[in-house]
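Trainee: could you look at this predicted model? Sequence included:
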Amino acid sequence: MRATPPSHAMVTCDVKISVIDCLREIVGSRFVLATPARMRSYMRGYRFGEGSAMAVVLPGSLLEFWKAVQICVRENTIVIAQAANTGLTGGSTPCGEDYDRRVVVINTMRIKSLHMLDGGRQVLAFPGTTLDELEKALKPVGREPHSVIGSSCLGASVIGGVCNNSGGSLIHRGPAYTELALFAQVGDDGTLRLVNHLGIDLGGTPEGILSALDNQSYSADDIDWDETKRASDNGYVEHVRNVDADTPARFNADARRLFEAAGSAGRVIVFAVRLDTFEATRDAKVFYIGTNDATELNQIRRTMLSSFANLPIAAEYIHREAFDIAERYGKDTYLLVKTLGTGRLPRLFALKSRIDGMAERIGFFPANLTDRLMQAASRLFPSHLPGRLKQYSNRFEHHLMIKVPSEGVQETRDCLSTLYPSARGDFFECTAEEGRAAFLHRFATAGAAVRYRAVHGAEIGGIVALDIALPRNEAEWMETLPPDIEKNILRKLYYGHFFCYVFHQDYLIANGVDWLETEHKILEVQDRRRAKYPAEHNVGHLYRAEETVSAHYRALDPCNCFNPGVGQTSKKTRWR
């Protein structure tokens with residue numbers, strides 16, 4: 001389908017009325033935040049990035065969202081579209097104070113509709129739909145979304161995953177990707193247009209299209225099932241099996257997966273996406289491997305990817321230092337998810353942000369008050385990890401947990417039994433409880449560095465958090481840093497999606513050391529290793545975008561009015 005013509009029902013308001021008042025007329029006064037205290041949680045990235053804006057707008061429907069964007073474009077105001085704000089590189093908040101126009105953040109978490117297509121074979125997700133909500137909606141029909149572990153537990157949005165090339169842990173599914181999306185963009189002529197590439201006939205005007213989705217007033221006959229339009233990275237399985245390729249399996253700047261909304265990083269305003277779902281895996285089994293020889297894990301990876309009939313579901317790596325730090329500083333996250341599930345975590349994080357904001361304003365309380373309280377509370381609980389996992393932490397430096405489908409259990413058992421036990425390593429088959437604990441502990445590792453810094457702030461000068469992808473044929477996958485870098489690092493947390501060769505590497509830098517200079521030195525090491533970065537978190541404001549990515553941004557947003565500056569690109573009008 002082609003782009004719709006500019007709307008003849010452009011939202012207007014008296015020139016004497018401010019932009020904020022116009023936005024209030026659209027969404028209601030309650031849903032336009034314009035004071036620093038109320039905007040605080042929307043202005044700071046989960047791990048990185050902070051800036052200011054004239055307002056935060058919380059539309060409750062796609063049509064309200066569209067009208068709010070119209071006002072901002074008409075008034076030459078920058079729009080930063082934001083969902084759950086769970087990103088790690090600052091790409092969904094303002095960053096700095098050097099924009100050349102006013103900034104409005106439009107948070108979409110009130111727009112949560114989810115439409116099941118063809119019994120759940122595909123879904124149509126709105127901007128506020130989270131991965132957790134999608135996972136729960138699909139469970140009764142025996143289907144799963146693209147990702148079922150990781151940031152979904154923090155409330156990350158489905159559309160955010162598509163826009164940010166999110167990868168996830170599932171080997172079969174690759175990065176989040178679709179060619180079926182509904183989005184708005186501003187052309188080179190400065191005109192805002194709605195582009196309907198959903199493959200669903202919804203009418204001819206922006207208002208009609210968005211109202212049809214808001215009201216779900218379309219039928220199955222309106223849906224086009226054109227098989228040439230992909231709603232997932234359906235070729236990833238064969239791609240990742242090629243263990244001799246000299247390029248990474250997946251990374252942010254891969255031109256194969258930059259298409260309109262996919263990889264757009266907020267450079268277009270995405271209203272809905274169509275995505276494939278996947279048959280749920282049942283009776284999976286987890287194998288836990290420990291070794292002091294890093295080459296053994298790569299041998300297992302190459303063997304399974306290149307020759308196994310049944311590919312594993314997931315293969316997660318964690319280094320002993322990360323394991324031990326997460327056991328202490330990720331304990332409350334582990335217990336919260338295990339006890340409350342994933343659905344309540346977004347509200348808990350919102351409450352945490354409000355309490356921290358009040359503590360900052362009062363000034364009497366220490367920095368990171370809630371982190372300190374939660375850390376103290378976690379110590380009141382007994383040890384939470386199964387005994388065999390802790391024994392392996394004592395014995396082995398490298399840990400790999402492999403989840404396999406029932407039809408791949410014997411194949412995996414036979415393979416591992418030829419290698420272990422050895423002088424350097426061993427393995428065991430997890431019980432159901434041990435398997436859940438292993439993967440939940442791996443998830444809790446992702447926030448452990450942030451908590452460590454919050455508790456030990458006097459020691460830590462900053463965190464360098466890298467997200468790298470190694471070439472599939474790399475033999476020396478374990479990093480070795482030169483002494484001049486190593487001396488400035490207090491703690492290193494290595495963990496990642498091992499069969500995809502995607503690693504998350506968190507470095508806690510000593511106080512008094514320039515963390516940004518240290519990051520640049522570490523990135524020089526990664527360049528020599530032929531690593532690509534970021535691998536799956538998007539560039540945000542932390543990384544410099546490769547030319548492939550910045551060209552994608554310029555093509556989508558020639559006026560540079562949506563989320564300017566990401567990828568360390570220009571924040572100025574028309575990319576000046």
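Mentor: On my side now, so go ahead. Numbering: from 1, shown residues only.

Trainee: report the contact partners of Leu63.
Mentor: Leu63 sits next to Glu207, Leu210, Ser211, Asp214 when contact means C-beta atoms under 8 Å, 6 or more residues apart in numbering. Glycine gets a C-beta too; all of them are placed from N, C-alpha and C.

Trainee: helix/strand/coil for the first one?
Mentor: Per DSSP: H, G, I helix; E, B strand; the rest coil, the local secondary structure of Glu207 is helix.

Trainee: what's around it, how many residues?
Mentor: 17 (other C-beta atoms under 10 Å).

Trainee: thinking again about what came up before, for the contacts of Leu63, which entry has the maximal number of neighbours?
Mentor: Going by other C-beta under 10 Å, Leu210 tops the contacts of Leu63 with 25 neighbours.

Trainee: in which helix or strand does that residue reside?
Mentor: helix 206-214 (DSSP states H and E).

Trainee: could you say what helices and strands that helix packs with?
Mentor: helix 62-74, strand 181-186, strand 192-196, strand 269-276 (3 or more C-beta pairs under 8 Å, 6 or more residues apart in numbering; DSSP states H and E).

Trainee: Ala531: which of those is closest?
Mentor: Smallest distance to Ala531 across these (C-beta to C-beta): 28.7 Å, for strand 269-276.

Trainee: neighbouring strands for the next helix-or-strand element following the closest one, and are they parallel or not?
Mentor: Later in the chain than strand 269-276, the nearest helix or strand by DSSP H and E is strand 278-279. Using DSSP bridges, the strands paired with strand 278-279 are strand 143-144 (antiparallel).

Trainee: mean confidence score for the partner strand?
Mentor: For strand 143-144, mean pLDDT rounds to 94.

Trainee: residues making contact with it?
Mentor: Gly120, Arg121, Glu135, Leu138, Thr277, Phe278, Glu279, Ala280, Thr281.

Trainee: pLDDT on the helix or strand following it, on average?
Mentor: Later in the chain than strand 143-144, the nearest helix or strand by DSSP H and E is helix 158-163. On average, the pLDDT along helix 158-163 is 94.

Trainee: just to revisit the earlier point, neighbour-wise, which of the contacts of strand 143-144 leads?
Mentor: Thr277 (25 neighbours).

Trainee: so where's the stretch 251-400 of the chain uncertain?
Mentor: Applying pLDDT under 70 to the stretch 251-400 of the chain flags residues 342-343, 345-346.

Trainee: how about TSV for the contacts of strand 143-144, with distance to Ile485 added?
Mentor: As requested, those are arranged in TSV below (distance: C-beta to C-beta, whole Å):
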residue	distance to Ile485
Gly120	49
Arg121	49
Glu135	40
Leu138	44
Thr277	44
Phe278	41
Glu279	46
Ala280	44
Thr281	41
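
Trainee: which of those residues sits closest to Ala34?
Mentor: So of these, ranked by how close each gets to Ala34 (C-beta to C-beta), first place is Glu135, at 35.0 Å.

Trainee: that's a strand at that closest one, yeah?
Mentor: No: Glu135: not assigned to a strand; according to three-state DSSP it is helix.

Trainee: look at it and report its pLDDT.
Mentor: Taking Glu135 on its own, its pLDDT is 90.

Trainee: ends of stretch 135-144, how far apart?
Mentor: Its first and final residues considered, stretch 135-144 spans 6 Å by C-alpha to C-alpha, to the nearest Å.

Trainee: tally of neighbours for Tyr42?
Mentor: Neighbour tally, Tyr42, other C-beta under 10 Å: 22.

Trainee: correct me if wrong: it contacts Leu33.
Mentor: Yes: at 7.3 Å, Tyr42 counts as touching Leu33 under the criterion of C-beta atoms under 8 Å.

Trainee: overlap in contacts of those two?
Mentor: Shared contacts of Tyr42 and Leu33, defined by C-beta under 8 Å, 6+ apart, are found at Val56.

Trainee: distance to Val19 added to the helices and strands packed on helix 206-214, as a markdown table?
Mentor: Listed next are the helices and strands packed on helix 206-214 as a markdown table, based on distance: least, C-beta to C-beta, whole Å:
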| stretch | distance to Val19 |
| --- | --- |
| helix 62-74 | 6 |
| strand 181-186 | 17 |
| strand 192-196 | 15 |
| strand 269-276 | 17 |
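
Trainee: for Glu429, find the nearest of the ones you listed.
Mentor: Going by C-beta to C-beta, the one of those nearest Glu429 is strand 269-276, 31.5 Å.

Trainee: please report how far the closest residue to Gly266 other than its chain neighbours lies from Glu547.
Mentor: Spatial nearest neighbour of Gly266, chain neighbours left out: Asn563 (3.3 Å); criterion: C-beta to C-beta, 6 or more residues apart in numbering. Noted for Asn563: a distance of 18 Å to Glu547, by C-beta to C-beta, to the nearest Å.

Trainee: settle it for me: which of the two has more neighbours?
Mentor: Looking at Asn563 and Glu547 with other C-beta under 10 Å, you find the greater number of neighbours at Asn563, namely 32 against 8.

Trainee: distance of the more buried one from Thr129?
Mentor: Asn563 is 20 Å from Thr129, by C-beta to C-beta.

Trainee: perfect, that will be all.
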